[in-house]
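Trainee: Quick one, what's the 3D model for this:
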Amino acid sequence: MRTMAKMAVLILLCCCFAAAGYAGEPLARLRLQVRLDAGVIKVADLWENAGAKAETVIGTAPPPGHSIAIEAAQLAYIAHLYDVDWRPVSGVERTSVERTGRPLTHEEMVEPIKRSLIEAGAAPTVTIELATVAPILVPPLSFPLLQVEPLAYDPGSDRFFADLVVSTEGMQTQRMRVSGRVMDMVAAVVAARRLEPGDVIAESDVRRVQMVGRKLPGPTASDVSQVVGQTPKRTIVAGQPLALADVGAPVMVPKGATVVIALETANMSLAAQGVALSSGGRDDVIQIMNPLSRAVVAARVTAPGRAVILPGSTPLVAPARAVSRFSEVAN
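Mentor: Predicted coordinates:
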């Protein structure tokens, strides 16, 4: 009995020592899902408690945004090669290794293209409109180098084609074909609401925007100060650019209205009444006819219903055309 008790104690001690040894060196545990930021795969990326060679690099990581699967047979070979205490049990074990990535921003892609276009003769103020392209993924914290080689640019159609070459640490160089359009953007003043002839334009009636230069209808106001206080010569709808030819000073003398005209010299000052043969705003020069003599003079509008005969202006006897125009106005 005493001998059997001693044996039982010995077996118990052996079990305790074995358990203590097992606890000190735990078995490796396979990671089923692995997400990497780096460009290489290490032993420790595949297993927890990978052992002495845990930091050893075993291969290249997939490209950013891609993943690979490592099957049981390959895992067993890697474990044997790097002394990892792991063996497949079912034979269907596998690990998925995914590389994180971020897409290149629009600004990152456009900037080198814009530099190349300016070198090719495009205006420095151009804006680039890229056609839809599949995103290029790069490591999340990287600062990629982008180069354009080569570039084809047609100034007549404003179209371009180029190869965008992307390189950065931890990633193989990638090349992508891109295309798009070049737009020369300029400042333009557009109507903020519908404007009618006779409206005096206030600052709140207009706004300054950037527009494609070739879409503008000729010379256009580029600053709000050019149109504030002016009046439209025709209806202008909201969002429409204000062409300089479509605005002018508010009408102070309507066509056909009675106008007080003044003639001032160093020795005298005379005033008379006439009939406006055309409409005019402040500082506009219009023709005014004396209804009695039918003489026509050129005068500068100074205020509502008032004008000053220009220095050196000689009254002209109105021809038949002027008389008929006066008759139309009178009617």
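Trainee: A245 - that's part of a strand, no?
Mentor: No: using DSSP: H, G, I helix; E, B strand; the rest coil, the assignment for A245 is helix, not a strand.
Trainee: Tell me, how many residues neighbour it?
Mentor: Neighbourhood size, A245 [other Cβ atoms under 10 Å]: 12. Glycine gets a C-beta too; all of them are placed from N, C-alpha and C.
Trainee: Show me where the stretch 201-331 of the chain has its strands.
Mentor: Per DSSP state E, counting those that start in this stretch, the stretch 201-331 of the chain carries strands over the ranges 206-212, 231-232, 247-248, 251-253, 258-264, 269-276, 280-281, 285-289, 295-303, 306-309, 316-317.
Trainee: Report all helices and strands that the second one contacts.
Mentor: Right, the one you point to is strand 231-232. strand 247-248 (3 or more Cβ pairs under 8 Å, 6 or more residues apart in numbering; DSSP states H and E).
Trainee: my read: T235 touches D199, true?
Mentor: No: the pair T235 / D199 is not scored as a contact, 9.7 Å apart, by Cβ atoms under 8 Å.
Trainee: So for those two, which residue has more residues nearby?
Mentor: Using other Cβ under 10 Å, the more surrounded residue of T235 and D199 is D199, with 16 against 13.
Trainee: quick one on the thing from earlier: could you export the strands of the stretch 201-331 of the chain to a markdown table, including columns for mean neighbour count?
Mentor: As requested, the strands of the stretch 201-331 of the chain are arranged in a markdown table below (neighbours: other Cβ atoms under 10 Å):
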| stretch | mean neighbour count |
| --- | --- |
| strand 206-212 | 15 |
| strand 231-232 | 20 |
| strand 247-248 | 20 |
| strand 251-253 | 22 |
| strand 258-264 | 16 |
| strand 269-276 | 15 |
| strand 280-281 | 20 |
| strand 285-289 | 20 |
| strand 295-303 | 19 |
| strand 306-309 | 19 |
| strand 316-317 | 12 |
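Trainee: My guess is A131 contacts V178. True?
Mentor: Yes: A131 lies in contact with V178 (Cβ under 8 Å); the separation is 7.2 Å.
Trainee: would TSV of the strands of the stretch 201-331 of the chain with mean pLDDT and distance to V126 be doable?
Mentor: TSV is the format used below for these (pLDDT from 0 to 100; distance: least, Cβ to Cβ, whole Å):
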stretch	mean pLDDT	distance to V126
strand 206-212	88	10
strand 231-232	90	31
strand 247-248	87	29
strand 251-253	86	41
strand 258-264	88	51
strand 269-276	88	48
strand 280-281	84	38
strand 285-289	90	42
strand 295-303	89	43
strand 306-309	90	48
strand 316-317	55	53
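Trainee: So what's the residue count around A221?
Mentor: 23.
Trainee: how about low-confidence regions in the stretch 1-150 of the chain?
Mentor: Applying pLDDT under 70 to the stretch 1-150 of the chain flags the ranges 1-26.
Trainee: Swap in 50 and give it another go.
Mentor: The stretch 1-150 of the chain contains residues with pLDDT under 50 at 1, 3-24.
Trainee: so where do the strands sit in it?
Mentor: With DSSP E, counting those that start in this stretch as the criterion, the stretch 1-150 of the chain has strands spanning 29-30, 33-36, 40-42, 47-48, 57-60, 67-71, 94-99, 102-103, 126-130, 137-138, 145-154.
Trainee: Any idea which of the ones you listed gets closest to G281?
Mentor: strand 126-130 (37.0 Å; Cβ to Cβ).
Trainee: quick one: the closest one to strand 206-212, angle?
Mentor: Strand 126-130 and strand 206-212 are oriented at 60 degrees to each other (axes from the mean of the first three to the mean of the last three Cα atoms, to 10 degrees).
Trainee: strands paired with strand 126-130, and their directions?
Mentor: strand 171-191 (antiparallel) (DSSP bridges).
Trainee: Let me see the mean pLDDT of the strand it pairs with.
Mentor: Per-residue pLDDT over strand 171-191 has a mean of 89.
Trainee: From the chain's centroid, how far away is that strand?
Mentor: 8 Å (Cα atoms, centre = their mean, to the nearest Å).
Trainee: Stretch 53-68 too?
Mentor: 37 Å.
Trainee: mind listing what's buried in that stretch?
Mentor: 54, 58, 61-65, 68 (16 or more other Cβ atoms under 10 Å).
Trainee: quick one: which two of those residues are the most distant?
Mentor: Maximum distance among the buried residues of stretch 53-68 (Cβ to Cβ): 26.4 Å, for A54 and G65.
Trainee: mind checking which of the strands of the stretch 1-150 of the chain is nearest M252?
Mentor: strand 126-130 (42.0 Å).
Trainee: so what's A298 up against?
Mentor: A298 is in contact with 285-288, 309-310, 313, counting by Cβ atoms under 8 Å, 6 or more residues apart in numbering.
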